[in-house]
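Novice: Just a sequence and a predicted model for now, questions to come.
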Amino acid sequence: MKIATAAYPLDVFTSDAQYEDKIAAWVAEAADAGAQLLIFPEYAAMELATLEGLNVAGDLEGSLWAVSDRLEQADALHLRLAAAHGVHIVAGSGPAVFQTRPVNRARLITPTGQIGVQDKQIMTRFEAEVWDVVPGNPLQVFDTALGAIGILICYDCEFPLLGRALAQCDLICVPSVTEAQAGYWRVRIGAQARALEQQCITAMSSVVGPADWSEALGMSHGTGGIFAPPDIGFPETGVLALGQMNVPGWTYADADLAQVAKVRREGVVLNRSHWEGQTGRDANALTVRLR
């Protein structure tokens, strides 16, 4: 499977056609390069708020509801593009109404017209304390024609037990947006750690560049990256591909899921199957006084 993961800049739109043309061009470029799975970043859908004017896009609460109202329309566009190009797409996440407050929702869209929904599990401080975005549905394992796929949205990737919940997955997508390089590195380190622990492929996408019209986003730093367990058949660094920092575009890598199965079965180390060996050890840690 060839994976394309995006370093994606956010734009201001004055018409639906401008948004549709942008997404269509990005999808066509990746599909023409042979990609079968395309991963857009966290909160990439926030640029939809600009269609309601910059006053709405710049208002924290107003932008949530503006995007939520347009998410179904955006999904319809992604469905058409997925079918036309024969690709799977992780659409850029965005706010979606869940009960009484918006959640941060990514959607896995298939070329056969299906949509898998994944909401962020753990909010960053800004999301929880300022923006009032809330957790949504539980983690999902999507059984697709490409393999078993999971999604850990940005901060979620920094938590090992969430990664463990996706232990059945061959590939974990990590859509992200980070305002500082330190944030990028936190998520990237998490993505590489999850690839190590669960002996799978992880693919991280990023928003890049300024979105001065948004109080929530501002300036974002990052790039696309595709990672593997540093074991037999994979690079010693665990890095399959890495984009150039803050440069918009796709990063591509071929991911051999048969090699994932082989590493899980015959690897030099067997982190995934040895996970249960941790049970009880940390809970029984003793405090040893050395002063």
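Specialist: Structure's in. What do you need?

Novice: middle-most residue in this structure, spatially?
Specialist: Geometric centre of the chain, nearest residue: P175, 1.8 Å, by CA atoms, centre = their mean.

Novice: Helix, strand, or coil at that residue?
Specialist: Following DSSP: H, G, I helix; E, B strand; the rest coil, P175 is assigned to strand.

Novice: quick one, what contacts it?
Specialist: 39-42, 44, 90, 92-93, 106, 151, 153-154, 204-205 (CB atoms under 8 Å, 6 or more residues apart in numbering). Any C-beta I mention is one placed from the backbone N, CA and C, and that applies to glycine too.

Novice: And those residues, which is closest to A25?
Specialist: F40 (13.0 Å; CB to CB).

Novice: Surely E236 touches A228?
Specialist: No - the pair E236 / A228 is not scored as a contact, 10.4 Å apart, by CB atoms under 8 Å.

Novice: Tell me where the stretch 151-291 of the chain has helices.
Specialist: 160-165, 181-198, 257-266 (DSSP state H, counting those that start in this stretch).

Novice: Tell me how many other residues crowd Q181.
Specialist: 13 (other CB atoms under 10 Å).

Novice: Return the residues in contact with the closest residue to it other than its chain neighbours.
Specialist: Once flanking residues are discounted, Q181 sits nearest to H221: 5.0 Å by CB to CB, 6 or more residues apart in numbering. Listed by CB under 8 Å, 6+ apart, the contact partners of H221 are T178, E179, A180, Q181, G183, Y184, S206, V208, M245, N246.

Novice: pLDDT and distance to Q198 added to the residues you listed, as CSV?
Specialist: Converted to CSV, these look like this (pLDDT from 0 to 100; distance: CB to CB, whole Å):
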residue, pLDDT, distance to Q198
T178, 97, 22
E179, 94, 28
A180, 94, 27
Q181, 95, 26
G183, 97, 23
Y184, 98, 21
S206, 98, 21
V208, 98, 27
M245, 97, 26
N246, 97, 29
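
Novice: would you turn those into JSON lines with distance to L217?
Specialist: Listed next are the contacts of H221 as JSON lines, based on distance: CB to CB, whole Å:
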{"residue": "T178", "distance to L217": "10"}
{"residue": "E179", "distance to L217": "8"}
{"residue": "A180", "distance to L217": "13"}
{"residue": "Q181", "distance to L217": "16"}
{"residue": "G183", "distance to L217": "12"}
{"residue": "Y184", "distance to L217": "14"}
{"residue": "S206", "distance to L217": "12"}
{"residue": "V208", "distance to L217": "11"}
{"residue": "M245", "distance to L217": "18"}
{"residue": "N246", "distance to L217": "14"}
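
Novice: Could you write me a ChimeraX select line covering just the buried ones among these?
Specialist: In ChimeraX, this line selects whichever of the contacts of H221 come out buried by 16 or more other CB atoms under 10 Å:
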select :178,179,183,184,206,208,246
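
Novice: Out of the contacts of H221, name the two that are farthest from one another.
Specialist: Largest separation among the contacts of H221 by CB to CB: E179 and M245, giving 14.1 Å.

Novice: Over the longest helix along the chain, what's the mean pLDDT, rounded is fine.
Specialist: Using DSSP state H, we find that the single longest helix of the chain is helix 60-85. Taken as a whole, helix 60-85 has an average pLDDT of 97.

Novice: Give me the buried positions along that helix.
Specialist: Of the residues in helix 60-85, 63-71, 74-75, 77-79, 81-82, 85 count as buried by neighbour count, 16+ other CB under 10 Å.

Novice: Stretch 167-176 now?
Specialist: So, applying 16+ other CB under 10 Å, buried residues of stretch 167-176: A167, C169, D170, L171, I172, C173, V174, P175, S176.
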